[in-house]
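In: Generate coordinates for the sequence data below:
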Amino acid sequence: MAPAGSIDAARPSRRVIQRILIQIETIRVRIWRIGLVAGVVMVEITRRAFLMVAGGAGAALLTGCKVIENETPAPAGGASAASTVTAPAASLPQTPTEILITPTGSLYTQSYSSAPTVAADDWRLHVHGLVSQERTLGLDDLRAFPKVESLRTLECIGNPVGGTLIGNVRWGGCEAAALWREVGILPQATRAKFEAEDDYQTSVELKWITQPGVLMVYEMNGEPLPTEHGFPLRILMPGLYGQKMPKWIRDIEFIDYDHQGYWESRGWSDVASVQTNSIVRQPGDLDRLSAGSTPVFGVAFAGLRRITDVEVRIDDGDWTHARLLQDDSSLVWTQWSFDWAAAEGRHRIAVRATDETGFVQTTEGQSILSSAYPDGTDNIHAVVVTVA
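Out: Residues are numbered from 1 along each chain as shown. So this is what the prediction gives:
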């Protein structure tokens with residue numbers, strides 16, 4: 001039986017269809033706005049396009065990822081990723097000189113079901129299965145392990161091209177390796193299966209949960225995890241999208257068989273490793289700018305792989321290297337910046353990233369409905385602006 005709050009893979013619920021229709025109306029309005037700028041005819045959403053979304057390819061909509069309303073501006077002069085109205089170019093914020101940390105209230109949330117209310121005194125984490133010694137731990141037991149803090153970027157697998165379902169947070173907790181040493185994972189174990197307080201389930205290959213840097217997290221930006229972000233406990237595994245790193249964890253079982261969780265059984269990736277992607281955060285799409293020197297900036301991220309280059313292209317010009325601002329760890333997004341001498345007219349600003357394996361983003365989205373389904377996306381992001 002599907003977990004509580006689940007969506008039938010073949011026939012979406014009435015509530016989901018209503019959400020899809022709202023999303024499609026938003027898309028129609030956005031196409032209309034583009035039409036005003038480009039002077040093109042309004043494009044109708046076809047029945048086939050609707051079925052694409054309703055059938056599960058609606059990326060962020062159907063993976064339940066959403067951005068909290070009224071996102072606060074990023075610190076250090078950074079622009080909000082959700083900004084749609086920009087002041088004249090002379091008033092644009094300068095590019096950040098420090099790595100940005102996403103405020104807790106601005107990080108996207110995942111709404112598979114309603115966020116459970118968990119009492120810390122009653123909550124327990126059960127670790128069992130193919131282990132030498134099962135353990136049941138309370139929050140104080142986890143806090144007894146040496147505490148570590150780590151700045152890391154978290155991204156939703158349903159984040160569309162240029163989307164806002166990504167953030168950079170200082171997490172606090174303990175190294176999972178210490179717990180694995182206590183329970184003693186047996187050699188026959190091949191996967192770890194998770195169950196959360198909202199009945200969400202997923203699993204990962206053993207290599208993901210036993211790699212260095214896996215964290216059992218109970219703090220976020222120096223404060224206890226808020227309910228919407230997983231209180232009392234969530235897990236972080238380097239290189240994976242949020243789909244594989246549940247919040248409100250109550251059970252970890254080491255198993256020797258394949259297991260598909262809620263989203264995997266609906267066609268989303270069973271690996272869910274982060275794709276190389278880059279985003280223009282300033283200026284925003286359809287912004288109106290003043291001519292002259294314009295600071296353009298954004299972020300790039302590739303999970304375990306370090307970003308080695310970011311390039312910007314104006315219209316059909318050459319790709320030009322951007323300046324990079326990086327942390328020592330690849331698990332933190334790379335911030336890039338580019339000084340653009342903006343001339344009057346309508347212009348397209350595109351960005352692409354290269355990671356340490358040599359992979360370069362080359363694919364452009366084919367339509368406004370281009371989706372991250374089923375593996376996340378590495379498509380090139382671009383924004384269109386008008387300079388007056």
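In: Can you pull out the low-pLDDT segments for the stretch 1-150 of the chain?
Out: The model of the stretch 1-150 of the chain has pLDDT under 70 over residues 1-64, 66-91, 111.
In: same thing but 50
Out: Scanning the stretch 1-150 of the chain for pLDDT under 50 picks out the ranges 1-12, 14-58, 69-90.
In: I'd say residue 129 and residue 254 touch.
Out: Yes. At 4.0 Å, residue 129 counts as touching residue 254 under the criterion of CB atoms under 8 Å. Quick note: C-beta positions are derived from backbone N, CA and C, even for glycine.
In: tell me the contacts of the residue nearest the centre of the chain?
Out: The C-alpha lying nearest the average C-alpha coordinate of the chain belongs to residue 155 (CA atoms, centre = their mean; 1.8 Å). Residues near residue 155 by CB atoms under 8 Å, 6 or more residues apart in numbering: 165-166, 241-242, 274, 277, 301, 376.
In: do residue 236 as well
Out: Going by CB under 8 Å, 6+ apart, residue 236 touches 150, 152, 154, 171, 173, 214-215, 217, 245.
In: And it, its phi and psi?
Out: Backbone torsions for residue 236, taken as degrees, to the nearest 10, come to phi -120, psi 130.
In: Roughly how far does it sit from residue 132?
Out: The gap separating residue 236 from residue 132 is 25 Å, by CB to CB, to the nearest Å.
In: what's the answer for residue 269, then?
Out: From residue 269 across to residue 132, the span is 32 Å (CB to CB).
In: which residues of the stretch 151-300 of the chain fall in helices?
Out: With helices called from DSSP state H, counting those that start in this stretch, the stretch 151-300 of the chain shows them at 176-183, 206-210.
In: any idea of the mean pLDDT for the shortest one?
Out: In other words, helix 206-210. The pLDDT scores in helix 206-210 average 98.
In: Flag every buried residue along that helix.
Out: 206, 208-210 (16 or more other CB atoms under 10 Å).
In: picking that back up, could you pull out the residues contacting both of residue 129 and residue 254?
Out: Common contact partners of residue 129 and residue 254 (CB under 8 Å, 6+ apart): 189, 193.
In: Compare those two (neighbour count), which wins?
Out: residue 254 (23 against 19; other CB atoms under 10 Å).
In: The more buried one contacts residue 192, correct?
Out: Yes. Counting by CB under 8 Å, residue 192 is a contact partner of residue 254 at 5.6 Å.
In: Any idea how many residues pack against residue 320?
Out: Using other CB under 10 Å, residue 320 has 12 neighbouring residues.
In: same deal with residue 184?
Out: Neighbours of residue 184 under the rule other CB under 10 Å: 11.
In: Please report phi then psi for it.
Out: phi 70, psi 80.
In: Residue 113 now?
Out: With angles defined as degrees, to the nearest 10, residue 113 sits at phi -150, psi -170.
In: I figured it hits residue 200, correct?
Out: Yes. Using CB under 8 Å, residue 113 makes contact with residue 200 at a distance of 7.0 Å.
In: Show me which of these two is the more surrounded one.
Out: More crowded of residue 113 and residue 200, by other CB under 10 Å: residue 200, with 25 against 17.
In: That one against residue 261, yeah?
Out: Yes. Counting by CB under 8 Å, residue 261 is a contact partner of residue 200 at 7.3 Å.
In: shared neighbours, the two?
Out: Common contact partners of residue 200 and residue 261 (CB under 8 Å, 6+ apart): residue 194.
In: picking that back up, could you dump the contacts of residue 236 into a markdown table and include distance to residue 223 and neighbour count?
Out: Below are the contacts of residue 236 laid out as a markdown table (distance: CB to CB, whole Å; neighbours: other CB atoms under 10 Å):
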| residue | distance to residue 223 | neighbour count |
| --- | --- | --- |
| 150 | 15 | 18 |
| 152 | 16 | 19 |
| 154 | 16 | 24 |
| 171 | 11 | 19 |
| 173 | 13 | 24 |
| 214 | 22 | 19 |
| 215 | 16 | 22 |
| 217 | 12 | 27 |
| 245 | 19 | 23 |
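In: So which of these belong to strands?
Out: Among these, the ones falling in strands (DSSP state E) are 150, 152, 154, 171, 173, 215, 217.
In: who's in contact with the fourth one?
Out: For residue 171, the contacting residues are 149-152, 215, 217, 219-220, 236, by CB under 8 Å, 6+ apart.
In: ok, those residues vs residue 364, which is closest?
Out: residue 152 (29.0 Å; CB to CB).
In: Now residue 227. Nearest residue, chain neighbours left out?
Out: In space, residue 227 comes closest to residue 115 once its chain neighbours are excluded; the distance is 5.2 Å by CB to CB, 6 or more residues apart in numbering.
In: Could you do residue 137 as well?
Out: Ranked by CB to CB, 6+ apart and with sequence neighbours excluded, the top spatial neighbour of residue 137 is residue 125, at 4.8 Å.
In: Contact partners for that neighbour?
Out: Under the criterion of CB under 8 Å, 6+ apart, the neighbours of residue 125 are 136-138, 142, 233, 249-252.
In: Can you add distance to residue 315 and neighbour count and give those residues back as TSV?
Out: Shown next, in TSV, are the contacts of residue 125 (distance: CB to CB, whole Å; neighbours: other CB under 10 Å):
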residue	distance to residue 315	neighbour count
136	60	11
137	57	19
138	59	15
142	53	20
233	48	24
249	48	23
250	52	19
251	53	18
252	51	25
